[in-house]
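J.: I need the structure of the sequence given here:
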Amino acid sequence: MTAIRGAARLGAGMALALGLLGSGTLSGSAEAAAGCAGRKVRTLEFATGEVRVYRSGHNKCAVTVAKRPGSRTWMSVSVQARGSKPLTDSGFYRRQAGPVTVRAAHRCVRVKGTVGSRSTASGWILC
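T.: Residues are numbered from 1 along each chain as shown. A predicted model of the protein is given here:
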């Protein structure tokens with residue numbers, strides 16, 4: 001009985017490890033999506049990174065992802081629904097700033113992102 005339980009635990013442990021390895025090799029998209037619900041609708045690329053914009057129901061979400069993650073670099077991401085103040089996440093991060101989510105059912109949003117000294121801005125989108 002003990003050998004069977006040990007084999008079952010080993011099998012379950014291996015399945016868990018394989019599952020984690022399969023989902024643990026994070027592609028840039030999967031990693032940035034951590035925290036952003038919905039589907040990716042826009043990518044704004046610039047020299048040092050990119051801003052990924054997601055839509056889910058009435059919400060719009062964005063993250064800024066560094067092209068070369070590693071050392072801490074100044075990063076920011078900002079999402080502003082038309083008629084509202086922008087919501088921002090900024091600081092020294094290794095990989096990404098955000099996610100930042102706003103409720104913008106039928107309103108355009110403006111998205112901005114910075115990695116180091118380079119940045120991008122969208123203008124009004126997703127109207």
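J.: give me the number of residues near H106?
T.: Applying other Cβ atoms under 10 Å, we find 8 residues neighbouring H106. Glycine gets a C-beta too; all of them are placed from N, C-alpha and C.
J.: Would you report the backbone torsion angles of it?
T.: The phi and psi values for H106, taken as degrees, to the nearest 10, are phi -130, psi 40.
J.: separation between it and G57?
T.: Plainly put, H106 is 12 Å away from G57 if you go by Cβ to Cβ, to the nearest Å.
J.: now swap in K67 and tell me
T.: 30 Å.
J.: More neighbours: which of those two?
T.: K67 (14 against 9).
J.: I'd say that one and V115 touch.
T.: Yes. Under the criterion of Cβ atoms under 8 Å, K67 makes contact with V115 at 7.4 Å.
J.: Show me the helices in this protein, by range?
T.: Taking DSSP state H to define them, one finds helices in the chain at 2-24, 28-33.
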